[in-house]
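**Student:** Could you work out the structure for the sequence below:
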Amino acid sequence: MSRKSERLVNLVIALLATKRYITKSEIFRTIEGYEGSNESMERMFERDKDELRSLGIDIEVSGLDPLFDDEVGYRIRAEDFEMDRAGYSAQEIAYMSLAAQLWKDASLSDVSQKAIRKLSAVSGPADISEIPAFAPVILTAPKFLGDLIGAMTDRRVVEFKYLNSEMNAHNRKVHVYSYFSLKGFWYFTGFDVDKSETRTFRSDRVFGELSVSKKTDCYQIPTDFKTDLSFEENRSLSEAQLRVRNGRGSQLRILASSIKTGEDFDIIRVSYSSEEEMLALILWHLDDVLVIGPESLKRSVIEALTQLVEVHG
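**Tutor:** Numbering: from 1, shown residues only. Coordinates of the predicted model:
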């Protein structure tokens, strides 16, 4: 943790723990990290207050004596810091946490940090294996998502290198029409200037940096444009045969083409087009799901678990 982050954490703890307003001089004297001249500590404290407020942490300010205009004090009320948990189940909070994490390090990072802080104060135990299938891979939002949204809003042209199916990089110049997430991956659709046709691009195949032109209003989105998801239908399918514990794996059961009931485990068959997506979904269910076949999928699960043990012991 950086010195600044440690100082901010200590400041929040102190302002939460106090039962009265505490002055700046008390803060400078008792909280580690405030050092230097009075002027430098004053500037540091003002920046810290602004940063905490940008995260949604309300700092209450009041004079120590209502009859005199003397030094002011500061505190954080616990009821303002915590989110009211009434009306939310543990699973609903888990959903909201995933939604907030989706925007982490993207265009809504400040909003997401505020949401995550609020949610962490009320989160209870949730059965993560029963959160729908997007949960294991929803955190793959591209770093350039904010730039993409801005380009579409301002009608700016984006340029990037794109990896084709043979993993060769080619330059693309695109007028962005829409962006969306599907089965754990982010896509954007737009008019490919060089190809003179509308195409859909998968964000994780963008190689290197995505650049956005400075000029605005370079194009118009057709009034009759609709995002076309039919490209998903053209992807070749494989079939997984899985043993799923009774009463578990609801998202896998929804996808199943057949289910054969058993005493402790059911045998289900699930068609999939991306082994990466299926692998993430299987691992998400821990020991409630065992792979029978195909062998390639079984090997991928074993390799992933082996790597996990090597990293975490």
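
**Student:** In which helix or strand does residue 50 reside?
**Tutor:** Using DSSP states H and E, residue 50 falls within helix 38-54.

**Student:** and that helix, what other elements does it pack with?
**Tutor:** Secondary-structure packing of helix 38-54 (3 or more Cβ pairs under 8 Å, 6 or more residues apart in numbering; DSSP states H and E): helix 3-17, helix 24-30. For glycine as for every other residue, the C-beta is placed from the backbone atoms N, C-alpha and C.

**Student:** Next, the buried residues of it.
**Tutor:** Using 16 or more other Cβ atoms under 10 Å as the burial criterion, the residues of helix 38-54 that qualify are 41, 44, 45, 48, 49, 52.

**Student:** Where do the helices of the stretch 201-313 of the chain begin and end?
**Tutor:** Ranges of helices within the stretch 201-313 of the chain are 250-255, 275-284, 295-312, based on DSSP state H, counting those that start in this stretch.

**Student:** how far is stretch 20-32 from where the chain is centred?
**Tutor:** When C-alpha coordinates are averaged (Cα atoms, centre = their mean, to the nearest Å), stretch 20-32 and its chain have centres 35 Å apart.

**Student:** can you tell which of the helices of the stretch 201-313 of the chain is closest to residue 25?
**Tutor:** Among those, the nearest to residue 25 by Cβ to Cβ is helix 295-312 (45.7 Å).

**Student:** Let me see the mean pLDDT of the closest one.
**Tutor:** Averaging pLDDT along helix 295-312 gives 83.

**Student:** Tell me the buried residues in it?
**Tutor:** Those would be 297, 298, 300, 301, for helix 295-312 by 16+ other Cβ under 10 Å.

**Student:** With stretch 283-299 instead?
**Tutor:** 284, 285, 288, 289, 291, 297, 298.

**Student:** cool, and stretch 239-247?
**Tutor:** In stretch 239-247, counting by 16+ other Cβ under 10 Å, buried: 240, 241, 242, 243, 244, 245.

**Student:** isn't the third one right next to residue 282, touching?
**Tutor:** This points to residue 242. Yes: counting by Cβ atoms under 8 Å, residue 242 touches residue 282, with 7.3 Å between them.

**Student:** Quick one: name whatever helix or strand follows the lowest-mean-pLDDT helix or strand in the chain.
**Tutor:** Lowest on mean pLDDT, DSSP states H and E among the helices and strands of the chain sits helix 109-120, with a mean of 47. Using DSSP H and E, the helix or strand that follows helix 109-120 in sequence is helix 145-154.

**Student:** quick one: common contacting residues for residue 242 and residue 282?
**Tutor:** Counting by Cβ atoms under 8 Å, 6 or more residues apart in numbering, the shared contacts of residue 242 and residue 282 are 289, 291.

**Student:** Send me stretch 288-300 as CSV with only the CA atoms.
**Tutor:** Taking Å, rounded to 0.1, in the frame of the first residue of the first chain, the C-alpha atoms of stretch 288-300 are listed here in CSV:
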residue,chain,number,x,y,z
ASP,A,288,-19.9,-29.3,-8.1
VAL,A,289,-19.0,-30.0,-11.7
LEU,A,290,-16.7,-32.7,-13.1
VAL,A,291,-15.8,-33.0,-16.8
ILE,A,292,-16.4,-36.4,-18.5
GLY,A,293,-15.5,-35.2,-22.0
PRO,A,294,-14.2,-34.1,-24.4
GLU,A,295,-10.6,-34.9,-23.4
SER,A,296,-9.3,-31.4,-24.6
LEU,A,297,-11.7,-29.7,-22.2
LYS,A,298,-10.8,-32.1,-19.4
ARG,A,299,-7.1,-31.4,-19.9
SER,A,300,-7.7,-27.6,-19.9
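
**Student:** Figure out how far that stretch is from the centre of its chain.
**Tutor:** Stretch 288-300 sits 28 Å away from the centroid of its parent chain (Cα atoms, centre = their mean).

**Student:** quick one on the thing from earlier: quick one: the helix holding residue 50 to helix 3-17, angle?
**Tutor:** Direction vectors for helix 38-54 and helix 3-17, defined by axes from the mean of the first three to the mean of the last three Cα atoms, to 10 degrees, enclose an angle of 70 degrees.

**Student:** Centre of the chain to helix 38-54, how far?
**Tutor:** Averaging C-alpha positions (Cα atoms, centre = their mean) puts helix 38-54 29 Å from its chain's average.

**Student:** Stretch 203-223 too?
**Tutor:** Centroid displacement of stretch 203-223 relative to its chain, using Cα atoms, centre = their mean, is 22 Å.

**Student:** Now tell me what touches it from outside.
**Tutor:** Residues from elsewhere that reach stretch 203-223 (Cβ under 8 Å, 6+ apart): 140, 142, 144-145, 147-148, 150-152, 154-163, 169, 175, 177, 185-188, 191.

**Student:** So what's the residue count around residue 158?
**Tutor:** Using other Cβ atoms under 10 Å, residue 158 is surrounded by 23 other residues.
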